[in-house]
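> Below is the structure, and that's it, no one-letter string:
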């Protein structure tokens, strides 16, 4: 992943391969940078993107590696299979909520209520299943739907009434926190059945080693086949496709990553159920955002509301649905948080939790300005946040320092976001 | 040129509160014809276009489409008739690529999933048939120049195979080369049998591509001219409205000086 800084001359890249350029699109502007076919073209394109400020996930991946290196040098226990496995499970709650925040950020809006909504979901489940003895599955569904409804209400006030999302969700933050305290009642804490459905979300591990390896194989093979047949279709239709060499390189990188993670999980307790669910959610939401008309509408609204309206997109409906999605994932995340501590308590979703969630989405590389980002960003961001939490906890450093460091990382990220946006503007990419 | 106009406005009026924006406006556009709509600022050009596009419903008068009266109350009505409008402030999303913008709101789907390959193939075809040159159909709109964005916006309006295309100041803020590209494109639309309404302030553009010029002044018709047989001065005096104004005075003065 080295960025070649030696070839800085613009002309050098500009006339990389005139023949390929001419062949790719008929009668193009000769000044145009057209991607060369084959692997060399891919490398060229990558370098050009770097220079144009299209950094993608590179800064956060580098940041994560630096954080791991620092904590490992401080404490040998940081980079052990046990710690890694625990971190993976701990990050799912925050990560789920961050997925919802990515949707909202894509619109260029913000949802401050997700912390409180997550608390409400945990409390709703606890009250329904423990206090009232309701069937666990039903209580789980109702708890999630509570989040959906809360989000839809925020979306309604934002999209239909025209109240700024910031104000609506700030009101939501207070309201839902009060609602949670109200339904929890005077005890304040309801313990969940440690063998129950929700507790299992984070405590269940597929201890058979075949599970983790099997998942790694499925993921790798799935990626390769999708990319391979996608390219075949593109070739057949006569539109530019990726070279096979690029697909193979990407697949090999993914395979290495997948198997290293699988080995680490298998050294501890096995493949955590929470991680499987999180990965499935990430795959699903990424698919929805990038491969469906609905996702295209979300991106369009983040780019230009007026253009979207004129293109016949139902702006209000998309906005309400996005806030409903954010509420839904807040509720799902809240259940994972409750699962981790096997109880619903008054502190759920309060304090720095909300900031961690938003920080995770932004650190992962989702733009605050709307229209740019992927749900996978939430995974990267939450890994950074949780790594800092666990690393500092291992060192016995108290939470004041932890807040300051997380704040610093967040600032660094938004600075990178603002700077890359500027670079992209000058390079004509944003 | 067919006998029945594609679009005909008969005595169209539009009021906004105390302002009479349009009064008894008449306009006819035939297939394969470019009608330039000119007028000074505030003459009612944009309002007229918006009534046709369904943004503002008309108060009085009749809109005829292929010879029969229709009501256009919302943008969807206009679109389903086959009217496509390209607004001055381009309705494109900067963060989405050319293919995505062309198909925004009418994505090609295959089993519920976006069919990117098909959209890309058709986008290339469309841009080829219109001889539009852009670097790649897979770069974000942000990377394109003003002229390229304009042609993409126009190409986008062609996707629904409209009978009438309305272009609101398509060459404003464009360079010489890009203006020429857009004008070429307008001519190509005419060759393909589309009716075109072109709003412009630029007399050179109007003279270059339009067949007829309809002049609006203070919300009323102020003459429809055949471009070939009309001089630029006649059009300008129709726009400014009177024989006694700064432009005609200056013209008279310079003519007088020449005669001396």
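Thanks, I have the structure now. This structure is a prediction, so every number in the text was calculated from the model and none was measured. Residues are numbered from 1 along each chain as shown, chains lettered A, B, ... in the order given.

> drop to CA atoms for contacts and neighbour counts, all remaining ones
Will do.

> Can you tell me which residues in chain B are near chain A?
Proximity of chain B to chain A (C-alpha under 8 Å from any C-alpha of the partner chain) is limited to residues B:76, B:90-96, B:100, B:104-105, B:107, B:109, B:112-114, B:117-118, B:120-121, B:133-136, B:140, B:142-144.

> Return the members of the residues you listed classed as buried.
The neighbour-count test (16 or more other C-alpha atoms under 10 Å in any protein chain shown) marks B:76, B:90-96, B:100, B:104-105, B:107, B:113-114, B:117-118, B:120-121, B:133-136, B:140, B:142-144 as buried among the residues of chain B next to chain A.

> Spatially central residue in the chain, please.
Assuming you mean chain A. Residue closest to the mean C-alpha point of chain A, counted by C-alpha atoms, centre = their mean, is residue A:378 at 1.9 Å.

> Chain B is the one I meant
Nearest residue to the geometric centre of chain B (C-alpha atoms, centre = their mean): residue B:167, 2.1 Å.

> Let me see the residues that make contact with stretch A:168-175.
Residues from elsewhere that reach stretch A:168-175, judged by C-alpha atoms under 8 Å, 6 or more residues apart in numbering or on different chains: A:110-117, A:154, A:157-158.

> quick check, nearest of the residues you listed to residue A:196?
Taking C-alpha to C-alpha as the measure, residue A:196 sits nearest to residue A:117 out of the contacts of stretch A:168-175, at 21.9 Å.

> Now do the strands in the chain.
Chain wasn't specified; assuming chain A. Taking DSSP state E as the test, the strands found in chain A are A:189-191, A:205-206, A:271-272, A:343-345.

> I was thinking of chain B, sorry if that wasn't clear
Using DSSP E, strands in chain B cover B:7-16, B:19-29, B:34-39, B:60-65, B:68-70, B:83-86, B:109-110, B:113-114, B:164-168, B:195-199, B:212-217, B:220-226.

> list the buried ones in the second one?
Buried residues in strand B:19-29, counting neighbours by 16+ other C-alpha under 10 Å, are found at B:21-29.

> coming back round to it: spit out the contact partners of the residue nearest to the centre of chain B.
B:85-88, B:154, B:196-199.

> likewise residue A:384?
A:60, A:63-64, A:67, A:360, A:363.

> so what's residue A:201 up against?
By C-alpha under 8 Å, 6+ apart, residue A:201 lies in contact with A:273-274, A:336, A:339.

> ugh, wrong one, I meant residue A:406
A:385, A:388.

> on that earlier part again, among the contacts of residue B:167, which two are most distant?
Of all the pairs that those form, the one spanning the most space (C-alpha to C-alpha) is B:88 and B:196, at 15.2 Å.

> If you count surrounding residues, which of these two has more?
residue B:196 (28 against 17; other C-alpha atoms under 10 Å in any protein chain shown).

> Tell me the bridge partners for the more buried one.
residue B:34, residue B:165 (DSSP bridges).

> Can you give me the separation between it and chain A?
Residue B:196 sits 20 Å away from chain A, taking C-alpha to the nearest C-alpha, to the nearest Å as the criterion.

> Touching, that residue and residue B:162? I think so.
No. Judged on C-alpha atoms under 8 Å, residue B:196 makes no contact with residue B:162 at a distance of 10.1 Å.

> what about residue A:194, how many neighbours?
Residue A:194 has 14 nearby residues by other C-alpha under 10 Å.

> Repeat that for residue B:231.
12.

> Next, it: phi, psi?
Phi and psi for residue B:231, reported as degrees, to the nearest 10, are phi -90, psi 160.

> need the contact list for it.
Per C-alpha under 8 Å, 6+ apart, neighbours of residue B:231: none.

> Does residue A:67 touch residue A:388 like I think?
Yes. Using C-alpha under 8 Å, residue A:67 is in contact with residue A:388, at 7.3 Å.

> Of the two, give the one with the bigger neighbour count.
residue A:388 (21 against 16).

> Quick check: pLDDT value at residue A:23.
Looking at residue A:23, its pLDDT stands at 40.

> With residue A:50 instead?
67.

> do the same with residue B:255
As predicted, residue B:255 sits at a pLDDT of 66.

> Which residue is it, in the stretch 201-350 of chain A, that comes closest to chain B?
residue A:307 (4.1 Å; C-alpha to the nearest C-alpha).

> in the chain, what spans have low per-residue confidence?
Reading this off chain A. Regions of chain A meeting the criterion pLDDT under 70 cover residues A:1-42, A:49-56, A:424-430.

> that's the wrong chain, I meant chain B
B:1-2, B:90, B:242-252, B:255-260.

> in it, which spans are helices?
B:45-53, B:75-81, B:98-102, B:116-129, B:146-158, B:176-191, B:203-209, B:232-240, B:246-259 (DSSP state H).

> Buried ones in the longest one, by neighbour count?
Neighbour-count burial for helix B:176-191, with 16+ other C-alpha under 10 Å as criterion, is recorded at B:178-190.

> relative to strand B:164-168, how tilted is that helix?
Per axes from the mean of the first three to the mean of the last three C-alpha atoms, to 10 degrees, the angle that helix B:176-191 makes with strand B:164-168 is 160 degrees.

> Show me which residues of the stretch 201-350 of chain A sit near chain B.
Counting by C-alpha under 8 Å from any C-alpha, the stretch 201-350 of chain A sits next to chain B at A:233-234, A:237-239, A:291-293, A:296-297, A:299-300, A:303-304, A:306-308, A:310-313.

> Which of those residues fall within helices?
Among those, the ones falling in helices (DSSP H) are A:233-234, A:237, A:291, A:293, A:296-297, A:299-300, A:303, A:306-308, A:310.

> From the residues you listed, list the buried ones, please.
A:234, A:291, A:293, A:296-297, A:299-300, A:303, A:306-308, A:310.

> Could you dump these into a markdown table and include distance to residue A:393?
Shown next, in a markdown table, are those (distance: C-alpha to C-alpha, whole Å):
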| residue | distance to residue A:393 |
| --- | --- |
| A:234 | 50 |
| A:291 | 40 |
| A:293 | 44 |
| A:296 | 41 |
| A:297 | 42 |
| A:299 | 38 |
| A:300 | 42 |
| A:303 | 41 |
| A:306 | 48 |
| A:307 | 48 |
| A:308 | 47 |
| A:310 | 52 |
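
> Quick check: the farthest pair among those residues?
A:234 and A:306 (32.2 Å).

> so what's residue B:159 up against?
Here residue B:159 is in contact with residue B:102 (C-alpha under 8 Å, 6+ apart).
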